[in-house]
Structure formats: structure tokens, C-alpha cells
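In: Fold the following, please.
(one chain, ligands or ions: 1)
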Amino acid sequence: MSTILDLNSSVASKVGLAVGVIITIALASHLFASFRLSRALAKYPIANPKWGPAEKVEFTTSGAAILQKGVEMAKGRPFRLNDKSFPRLVLPPKYIDEIKNDKRLAFHEFVAKEFFSTYPGFDAFSTSVNQTIFQDAVRTQLTQALGMTVQPIAKEAPNTLNLVYGPASDWKETVLTPALLKSVSRVSALIFLGESFMNNPDWQRISVMYTVDAFMAAKALNNWPAPLRPIVHWFLPECRKIREEVKIAKDLVQPEVDRRRKELAENGGKPRRKVLDSVDWFSASAKGQDFDYANAELSLAMAAIHTTTNTLGFAMFDLVENPEYFDLLREEIKRVFAEEGKWEKSTLFKLRLMDSVLKESMRLHPHSLVNMPRQAKEDITLSDGTTIPKKAFISMGPVLMKDSSIFPHADKFDGHRFFNLRNSPGNENKHQFVTTSPECNVFGHGHHACPGRFFASNELKLLLVHMIMYYDWKLPEGQTKVQHSKNGVGESPNSRQKILYKSRKPEVDVTGSVTKA
Ligand code: HEM
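Out: Numbers count the residues shown, from 1 in each chain. A predicted model of the protein is given here:
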């Protein structure tokens, strides 16, 4: 008996020793890698070296000024910037073309690190990190189905606007951003998951709030020292909230996936529906791989809803600040719809002034002053000898969209700016809303440029068409400018800004046939 006990304890102590050695090696190699990275980055100036609680608060209000300080210190070279939980190396935009397709610079690893993708609750970030299904579904499947999404959105838009704003025989007041969020989330759900999800209040709430709550949870976790995060995330209310939301998402999405599978099997593997949606896109992209549909749907909602809402919000605020554009756009819609008689991709393509207005609004409000975040998978030396050490997190910036040497009077809204540029020979396609370039990269640029931008463009145009044909819009009496919300190096449309609207009789019935004057 005692021999067996002795044997057991000897095996246990050997296993214990082995585990101890493995942990020590892992810790040592982690510390060595961090030390190596800090040493390699130390040659670059740092814009904000102190990064305590007070500095984090200061960054939220003065991010742009701190970024500018970095630019001045670096004199055309990269510099370090503390933002969120870890420092990033900000590379000047002159390197964009050189790095845009460099596979050694990974996008998803950056997102995974910033959003704690290994913790439960942050599941939507892990989908985009671990699998290509989500990206492929948007890039290939949605793009192929793009033509078929136009008419359903056009048909739904008046209904959604009626629900969100309703008839207004006199001026009515609303807070714009929440109203837009509701419109975009409904229309997106219609295309991504069908009518039942569009009308499901639980899905509407989760698909909008998960993004906001995940950002809050990441922020809360960031306030804790890194070694404590694996434990505190279980107790933080913000993290608990997103775990609950993921569970609700699974309860809503999985039965729908099961129902579709059953229907498919009963129909001999042929879909009964003509129009396929994101469940089908994900299945096709997965090519038999196992994955979690609810995570994929949350990732899709996260990529699509707030980005599109913010773009529409900025555009509407630019329009009420420059109201002469409402009639110019109505004139264009009337002419193009009279020519085409229905909403197709080609009809939307002809709305060239609207395309220009949307792009100009995006240029003026680039969402973030630094973008194209990546993590270096290996040591990289750029053509001029600049080095990016392995594991470094980089971003490009500050963006060139507000540079007056590229865009004359860059701080002014000029709705015709890209319309005129497109009219110059050879530039027809260069300055479209969906075209990305080193100068205009709100959608990113290169290999990871947003694959959903073609869909976003159509959705934005169709919502805008209906909003401006069926309503007049203006700022409250006495107000001419909107103060937008700055958060670090990011900017979003003022979420408290009120706006007034009133029903109007459209010159053309864009929901159907052309009204003869
Ligand atoms: C106006 C609205 C939108 C904006 C401003 C926007 C912006 C962006 C940006 C900045 C990126 C990262 C690009 C980079 O780092 O190079 C991105 C990636 C992505 N976006 Fe969008 N987006 C929008 C709408 C959408 C929509 C509607 C969808 C889906 C239908 C979508 C799906 C994606 C996906 C899947 C990626 C990841 C691409 C990859 O991993 O390579 N986005 N988007």
C-alpha cells in the first residue's frame, strides 16, 4: 500500500515539476518578447509617455492634440501613442501604399487584443479573429447578392421611416442618432436575417446594444492591471452584461438556423427561398467547417450597424448645416428616378451628387484620426529602412482627409467636391463613395478595406432618398452648427443633437411609379 502511495506522490511531484517548468518557460518567453518589443520601439518618440487614470481621461478629450504633438515630435517618422490598453506605433500616411497589402501585418490580431477576444462575452470578436467565414461571407456572398438587396430595402424604407418618424403635418422634434440607429438596424436585419428578425424587438435591441456594451466592457477591463483581467472579467457588471447578450443572441439565432436546416433537408437540399441571407452566406463560406452562427451574426451587426448609422448621422447633420443641398439632391433623385422608374443598383449609381455628398461628409468626419490598425507578425523593414518590430501594434495617421494641400478648404463642407473631381477626364471611378485611397480611407485601404462598403453605400442612399423626399429637416431655431462628440482620436455624430422634421409631398413617388406633375 505504502509503495503505491509513494509511487503516486512521486508521479504527482514529477508532473508538478513539469507543469512548473512549462509555466516558467512560457512566462519567461512572454517577458522576453515584451522586453524585446519595448526595446525595439524605444527609438521612436512617444506622444504621451504617462498613461495613468488621469492621462486616460485627458486622452478622451484631447486625443487630437496629443496625436498632433506626436506628429511634431516625430517629424515625418513613426511615433508611439498610448491609446486604450496598449501603445501603438503610428505610421505616417506616406507608408499606406507600402503596407496596405502586406500579409505580415495582421488586422484581426489587433482587434482580438483590443477587445479581449479570448474572454467569454467578447465572442463576436473571436469569430472575426479565428475564422475567415465572416469576412468571406461579406466579401463574396453579400457582394454577389448585392443587386438583390436593393429592392427589398427600397420597399422597406418608407415603412421603417413611418415607424420611426411617422406623419408630421407641422415641425416635430426628435433626437436624430437614435432614430437613425433604429432605421439602419431594421433595414440591415431585413437583409441579413429576414423580416421576422427585423420585427423582433429582442434582436433589434441586441444587434444594436451588443456593440456599445462590448466597447464599454473592453473599457472597463482596460482599467484593470493586465494580470488581474483573467479573474476580474468574471465579476465586472459590464462583462456580465455582454455574456448575457451573447446568450440571448444564441437563443434567437440558433433555432432559426435549425429551422432553415430542417427546411433545406425536407426540400432535398434546395433552399425554398429565392433570396438568400446571412445564414446562407455564412454556411456557404464555412464550406463545412464548424462555427457559431450567433457569433457570426453579432460580428455582422457590429461591423454594419453603428458604422452605417454614424455615416448617415454625419451626412444628415452636414445637410441641415448646408440646407441648399436638400433641393439639389431632390432634383437629382427626381431626374434619375424618372429615367429609371425603379430602384436598381444602376439607379443608385446615377445618384452622383448624393454619392459626392456622402463621401464629402465622410471626408470631413473620418470617424477616427488614425486607422488601418494592424499587428506585425514578424520583424518588418520598410523600403526607407524604417523598422516595425514583431508583435508591434501599428496604425496609420493622422488621416489625410483634412489636409488642405490635398483637399482645398478641407475644413469646409463642399457637397460637389467629389462630383466635380469625377467629372474630370480619367477620374470617373476614382472618387466614388466606395473607392478607397491613401487620401480617403475611412473604409480602410488595401487587403482589409471594408468589404461591406458597397452594401453600406446602397443602404445609405436608399434611406437618404426616402428621408429627404418625404420630409423637410432643419436644426432647432437659432442653431447653425452641430458640435460632434470627440472621444480620443475618434469622432461620432452628436448623440443628443435634436433635429426638426416635417412631412412633405415628394415630387416623385419613389416608392413606386413616377408622379406626373
Ligand atoms: C459606412 C459604413 C461602414 C464603415 C465606415 C466601415 C468601416 C470599416 C473599416 C474602417 C474597416 C477596417 C478596414 C481596415 O482596417 O483596412 C472595416 C472592415 C470590415 N467591415 Fe466595414 N464599414 C462599414 C460598413 C460595413 C458593413 C455594412 C459591413 C457588412 C455588411 C461591413 C463589414 C466589414 C467587414 C467584414 C470588415 C473586415 C474586413 C477584413 O477583415 O478584411 N462593414 N469596415
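In: Can you give me the distance of the nearest residue in space to residue 95 that is not next to it in sequence to residue 86?
Out: Distances taken as Cβ to Cβ, 6 or more residues apart in numbering place residue 382 nearest to residue 95, at 6.3 Å, with adjacent residues excluded. From N, CA and C alone the C-beta is placed, and that goes for glycine too. From residue 382 across to residue 86, the span is 22 Å (Cβ to Cβ, to the nearest Å).
In: Can you name the residues that contact the residue nearest to residue 95?
Out: Residues in contact with residue 382 (Cβ atoms under 8 Å, 6 or more residues apart in numbering) are 95, 98, 99, 388.
In: Check whether residue 138 really touches residue 300, as I assumed.
Out: Yes - counting by Cβ atoms under 8 Å, residue 300 is a contact partner of residue 138 at 7.3 Å.
In: on that earlier part again, next one: the residue nearest to residue 95 from residue 110, what distance?
Out: Taking Cβ to Cβ, one finds residue 382 at 18 Å from residue 110.
In: With residue 406 instead?
Out: 26 Å.
In: need the residues of this structure near the ligand, please.
Out: Residues of the chain found near the ligand (Cβ under 6 Å from any ligand atom) are 107, 134-135, 138, 142, 300, 303-304, 307-308, 311, 367, 371-372, 442-444, 448-453, 455-456.
In: Which of those residues fall in strands?
Out: 371, 372 (DSSP state E).
In: follow-up on the earlier one: so if I had to pick from residue 406 and residue 110, which one is more boxed in?
Out: Set residue 406 next to residue 110 and count neighbours by other Cβ atoms under 10 Å: residue 110 wins out with 21 against 14.
In: Report pLDDT for the nearest residue to that one once chain neighbours are set aside.
Out: Nearest residue to residue 110 in three dimensions, chain neighbours excluded: residue 373, at 4.3 Å (Cβ to Cβ, 6+ apart). We have a pLDDT of 95 for residue 373.
In: Near residue 373, how many other residues are there?
Out: Residue 373, neighbours per other Cβ under 10 Å, totals 22.
In: what separates it from residue 303, distance-wise?
Out: 14 Å.
In: got a list of what residue 477 touches?
Out: Contacts for residue 477 (Cβ under 8 Å, 6+ apart) come out as none.
In: Distance check, it against the ligand.
Out: 31 Å (Cβ to the nearest ligand atom, to the nearest Å).
In: Helix, strand, or coil at that residue?
Out: For residue 477, the assignment made with DSSP: H, G, I helix; E, B strand; the rest coil gives coil.
In: if I look at it, how far off is residue 500?
Out: In terms of Cβ to Cβ, residue 477 sits 8 Å off from residue 500.
In: cool, residue 235 as well?
Out: Taken as Cβ to Cβ, the span from residue 235 to residue 500 is 45 Å.
In: Kindly report the same for residue 473.
Out: From residue 473 to residue 500 the distance is 7 Å (Cβ to Cβ).
In: Check residue 491 too.
Out: Distance from residue 491 to residue 500, by Cβ to Cβ: 24 Å.
In: cool, residue 249 as well?
Out: Residue 249 is 36 Å from residue 500, by Cβ to Cβ.
In: Please, where are all the helices along the stretch 1-150 of the chain?
Out: Taking DSSP state H, counting those that start in this stretch to define them, one finds helices in the stretch 1-150 of the chain at 2-41, 53-74, 96-99, 108-114, 123-130, 133-136, 143-164.
In: for the ones you listed, which one sits closest to residue 320?
Out: Of all the helices of the stretch 1-150 of the chain, it is helix 143-164 that lies closest to residue 320, at 16.7 Å by Cβ to Cβ.
In: The closest one packs against which elements?
Out: Where contact means 3 or more Cβ pairs under 8 Å, 6 or more residues apart in numbering; DSSP states H and E, helix 143-164 is packed against helix 176-193, helix 345-349, helix 453-470.
In: Could you rerun that using 10 Å?
Out: helix 176-193, helix 195-198, helix 278-286, helix 345-349, helix 453-470 (3 or more Cβ pairs under 10 Å, 6 or more residues apart in numbering; DSSP states H and E).
In: Mean pLDDT and mean neighbour count for those - can I get that in JSON lines?
Out: JSON lines is the format used below for those (pLDDT from 0 to 100; neighbours: other Cβ atoms under 10 Å):
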{"stretch": "helix 176-193", "mean pLDDT": "97", "mean neighbour count": "23"}
{"stretch": "helix 195-198", "mean pLDDT": "96", "mean neighbour count": "16"}
{"stretch": "helix 278-286", "mean pLDDT": "91", "mean neighbour count": "21"}
{"stretch": "helix 345-349", "mean pLDDT": "95", "mean neighbour count": "17"}
{"stretch": "helix 453-470", "mean pLDDT": "98", "mean neighbour count": "23"}
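In: what touches both of residue 138 and residue 300?
Out: 278, 281, 282, 452 (Cβ atoms under 10 Å, 6 or more residues apart in numbering).
In: of these, closest to the ligand?
Out: residue 452 (2.0 Å; Cβ to the nearest ligand atom).
In: For that closest one, which non-adjacent residue is spatially closest?
Out: residue 138 (5.1 Å).
In: Give the helix, strand or coil label for residue 203.
Out: Residue 203 ends up helix, using three-state DSSP.
In: which residues are in contact with both of residue 473 and residue 500?
Out: In contact with both residue 473 and residue 500: 171, 320, using Cβ under 10 Å, 6+ apart.
In: what's the offset of stretch 239-259 from the middle of its chain?
Out: Relative to its chain's centre, stretch 239-259 lies at 21 Å (Cα atoms, centre = their mean, to the nearest Å).
In: what sits against residue 350?
Out: 332, 333, 335, 336, 337, 339, 340, 344.
In: Can you redo these as a markdown table, where the extra columns are secondary structure?
Out: Below are the contacts of residue 350 laid out as a markdown table (three-state DSSP):
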| residue | secondary structure |
| --- | --- |
| 332 | helix |
| 333 | helix |
| 335 | helix |
| 336 | helix |
| 337 | helix |
| 339 | helix |
| 340 | helix |
| 344 | coil |
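In: Cheers, nothing more for now.
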